[in-house]
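Asks: quick one, fold the following:
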Amino acid sequence: MAASQDPADSSAADSQVPSFQAGGSAPVTIVILTWNGLAYTRACIESIRRHRAGIPFSLLVVDNGSTDGTREWLQNQPDIELISNDANVGYVRGNNQALAHIPDTHDVLLLNNDTEVLQDDWLRVLSVTANRDEANGIVGCRLVNPQGITCHLGTYMPRDTWRGFQLSAGEEDIGQYHGLIEVEGVVGACMYIRRDVRRVVGLLDERYQSYYEDSDYCYRAIRAGYRVLCAAEVSLLHHEHVSTTVNNTAFDEVYETSREQFIERWKQEVESSYEHNLMWQSLVSQPGGYARSARDILVELDRKRVDIRLCCIYGTDYHEPETGDPRIDQMRNRPKSSRLPQVLYGQGDLFYKNAGSYRIGFTMLETTGLPREWVNQANEMDEVWVPSSFNVETFRNSGVTRPLHVIPLGVDVRYFHPGIQSERFSDRYTFLSVFEWGERKAPEVLLRAFCRAFSHTEDVAMVIKYSNSSPFDLRQFLFDLGLPGDTPPIVLLQSCSIVHYQMGALYRGADCFVLPTRGEGWGMPILEAMACGLPVIATNWSGQTAFMNERNSYPLGVRKLIPAEARCPYYKGYEWADPDEDQLVELMRHVFHNREEAAARGTVAAREAAESWSWSASADRIVERLREIGA
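Replies: Model prediction:
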């Protein structure tokens, strides 16, 4: 398909789709475009030469009229085939010269000259990934700048601005994301294109001089039935924007022209691809559990083509700050309509704010019952969602008569997995606990049990990261607890601010997670620790029983249910768990003395979290429910 054709017209190419055998391979040609910047080009090519292991390849460079000695240097490189232009024909036309020149039996890797290869198996991983499955048409990788900041792990195009968003950009590279990630685009700085994709999709669209041509190509490949993947195990160094900086070009003008072209080409088609429309009312930018989980749910629902209209739960849409994630912030700008079904995700006494055509309340509570006001408002909904069967039982026993559906929450397995890079807290065997300080988390049980379990002579430590929204005297609390003076080290991190994407590193810095909670609506820190591969000791009661069992964790027994005495008014008159402190002592000592067994249990936990408890799985259940109600 010629670049001058409308990319939508792929009927001619469809008849030429070659047969494909999974597991095969093809010759690979690496295409590099240059326009001055000799130092970067040399560094790029020399890094490729240093990391040749894994798969044979050929190098094809298109020079766009360089005047700094780049062309002359390239002419003297025996392993490089050079296409030399007298003038700059642009990024897209230059790459198309190469694509048209390369035999259609070759796979192609488009590579920027301001990248550097960092690992020997990089090209083999990209090639094997692309050729492993018939659907795997385009593969990109992790791009990291010289300061160790992630530039790219796939792309997303927000529908309000149509300004490309690169996943994980601006975050310190700590190994977030792992394995293969299906994305809607990868940047042309490193884009592996399989041979049959070239035949079906054709060349880059020359209506873009530069920018957006990579997103356009990925969109066209997806429309042709291919997947676009990011192989997160491959990392390249990317200096970014070298060509525009070295050549002092007008970035904004070129970018905006391409953006307008992209909008004209794709806006209607992208917007019509959404299958469901849903009003969603919740917090999204606050640090609490509802807001954090809402952000993850909404991102996944958007990926699954649910058109979310986001409503603020308190005040107007402008009262809550933006999240900084355009995937979510764009949802606030979409038109609201009471003719759409609406989910209110928050505390049960806020359900009255739900004004949708089909009203869904989504909430949870950690005790044996619900306040009367929660019950009354739940019974005004068309249906109620809860994250686990624990709340199905407590809601029904409290008098909720509307249909109850389990919509499990999840964990962000991109940021919580065993491959997250971290530094250990200590050489000692380290127990970790993360919670908001209060009666429900039973900090006194945790501290007493740790001090009973270990003496100061043992090579062990405890780290507690906690927050607290109500004033209390920690010194007085510890004094009243009467802990012995010769305990192993206990580190208290009070209101320590850690950006969310680095929380996995906190877990990976420890050996075992422990939380003798009295009750959880879901138990997010417990599941996050499990997803990171830590053995977990936590109370065997309430929401976390959805994902905890003897195979993947160390469930802590409950002596009995006791009155839920706390500052929170929602708990009055109900009960929660009294975790067995004696068993907690035994379990902590057992894990300490049986480290291989504990680590193996953590490995099982990480695998099950990734397979069964991702946010994608949670969103799948929501989409299934939307189909069932005809939304």
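Asks: doesn't Tyr466 belong to a helix?
Replies: No - secondary structure of Tyr466 (DSSP: H, G, I helix; E, B strand; the rest coil): strand, not part of a helix.
Asks: contacting residues for the closest residue in space to it that isn't next to it in sequence?
Replies: When the adjacent residues along the chain are set aside, Tyr466 lies closest to Trp437, with 4.6 Å between them (CB to CB, 6 or more residues apart in numbering). Heads up, the C-betas are built off the backbone N, CA and C, glycines and all. By CB atoms under 8 Å, 6 or more residues apart in numbering, the residues touching Trp437 are 443, 466-468, 472.
Asks: need the three-state assignment for Arg559.
Replies: strand.
Asks: go on, the one 3 residues further on?
Replies: Judged by three-state DSSP, the three-state class of Ile562 is strand.
Asks: put the buried members of the contacts of Trp437 into a PyMOL selection.
Replies: PyMOL command restricting the contacts of Trp437 to the buried ones, with burial defined by 16 or more other CB atoms under 10 Å:
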select buried, resi 443+466+467
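Asks: name the nearest of the contacts of Trp437 relative to His456.
Replies: Ranked by distance to His456 (CB to CB), the contacts of Trp437 are led by Pro443 at 20.5 Å.
Asks: skip the chain neighbours and tell me the closest residue to the closest one.
Replies: Trp437 is the one closest to Pro443 (CB to CB, 6+ apart), at 6.1 Å.
Asks: domain map for the protein?
Replies: Annotated domains of the chain cover 25-271, 276-410, 429-613 [automatic domain parsing].
Asks: any idea how far the helix or strand encompassing Met530 is from the chain center?
Replies: Element membership of Met530 [criterion: DSSP states H and E] is helix 524-531. From the chain centre to the centre of helix 524-531 is a distance of 15 Å (CA atoms, centre = their mean, to the nearest Å).
Asks: now it: average pLDDT?
Replies: Averaging pLDDT along helix 524-531 gives 98.
Asks: for it, give me every contacting residue.
Replies: 289, 292-293, 409-411, 413, 416-417, 432, 434-435, 503-504, 507, 513, 515, 520, 536, 538, 544, 547-548, 552-553, 602, 605-606, 608-610, 613.
Asks: now swap in stretch 316-333 and tell me
Replies: Taking CB under 8 Å, 6+ apart as the rule, stretch 316-333 contacts 156, 158-161, 163, 165, 280, 283-286, 295, 298-299, 302, 308-312, 314.
Asks: can I get the buried part of those residues as one PyMOL selection?
Replies: Paste this into PyMOL to select the buried members of the contacts of stretch 316-333, with burial taken from 16+ other CB under 10 Å:
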select buried, resi 156+158+159+165+280+283+284+285+286+295+298+299+302+308+309+310+311+312
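Asks: give me the subset of the contacts of stretch 316-333 that lies in helices.
Replies: 295, 298-299, 302 (DSSP state H).
Asks: want to throw those into CSV with distance to Thr41 and pLDDT?
Replies: CSV is the format used below for the ones in helices among the contacts of stretch 316-333 (distance: CB to CB, whole Å; pLDDT from 0 to 100):
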residue, distance to Thr41, pLDDT
Arg295, 41, 96
Leu298, 42, 98
Val299, 37, 97
Asp302, 39, 96
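Asks: relative to Cys218, which of those is nearest.
Replies: Taking CB to CB as the measure, Cys218 lies nearest Asp302 of the ones in helices among the contacts of stretch 316-333, at 16.9 Å.
Asks: verify the contact between that closest one and Ile308 for me.
Replies: Yes - shown here, Asp302 and Ile308 form a contact pair, counting by CB atoms under 8 Å, at 6.2 Å.
Asks: ok so, going back, so which of the domains of the chain gets nearest Ser422?
Replies: domain 429-613 (3.7 Å).
Asks: gap between the two ends of that closest one?
Replies: Terminal residues of domain 429-613 are spaced 28 Å apart (CA to CA, to the nearest Å).
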